[in-house]
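# Test case, fold it:
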Amino acid sequence: MPRMFRVMEKEEDGLPKIKDDAGLGIRYADESSGIREVRLDADGKVKIEKKGMSVFRAWREVPLIRRPERLGGPNRGDEDTYCFRLGDGPWESGIILEDKLDMLAPTGNNPNHGVVRPIKLVTLAEYRTHLAETRSNWILDES
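So this is what the prediction gives:
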């Protein structure tokens with residue numbers, strides 16, 4: 001499994017919070033909000049594209065705006081997020097996670113940014129469930 005990082009809130013058990021924003025989840029809202037990390041096809045299934053839950057090659061590659069102040073982020077009074085790591089393998093695409101997701105990297109112009117996306121057409125609810133199933137594999141890593 002590739003080594004990937006994501007900044008998320010954590011639960012009392014020390015694992016990532018299942019949450020669409022600043023958690024283990026995917027943001028998707030209606031047309032008026034403009035917040036979308038995936039697109040749906042005509043049947044309401046998540047399209048398999050270069051979109052999905054954002055991950056980074058190293059926590060130091062996470063945009064400053066997403067990092068807590070203790071890790072160099074802006075002073076927003078938001079110290080309830082933490083850097084989590086999943087995997088220890090090379091940063092490369094095509095690695096299957098939990099038989100339901102894969103990691104695509106890089107995406108866009110940033111060689112340090114990737115996405116975790118479904119490997120087949122699924123509903124948004126199924127995709128969120130598949131992401132949540134990885135929860136126990138994420139470990140806090142701010143070193």
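# next SSE after the least confident helix or strand in the chain by mean pLDDT?
The helix or strand of the chain with the poorest confidence is strand 95-97; it has a mean of 81 (mean pLDDT, DSSP states H and E). Next along the chain after strand 95-97, taking DSSP states H and E as the criterion, comes strand 101-104.
# partner strands of that following strand, parallel or antiparallel?
strand 95-97 (antiparallel), strand 113-118 (antiparallel) (DSSP bridges).
# State the pLDDT value of F84.
Predicted confidence (pLDDT) for F84: 97.
# got a list of what it touches?
F84 sits next to F5, R6, V7, M8, K10, P16, W138, I139, L140, D141 when contact means CB atoms under 8 Å, 6 or more residues apart in numbering. (Glycine included, C-beta is placed from N, CA and C.)
# For it, what is the enclosing helix or strand?
Using DSSP H and E, F84 falls in strand 81-86.
# got the angle between that strand and strand 113-118?
70 degrees (axes from the mean of the first three to the mean of the last three CA atoms, to 10 degrees).
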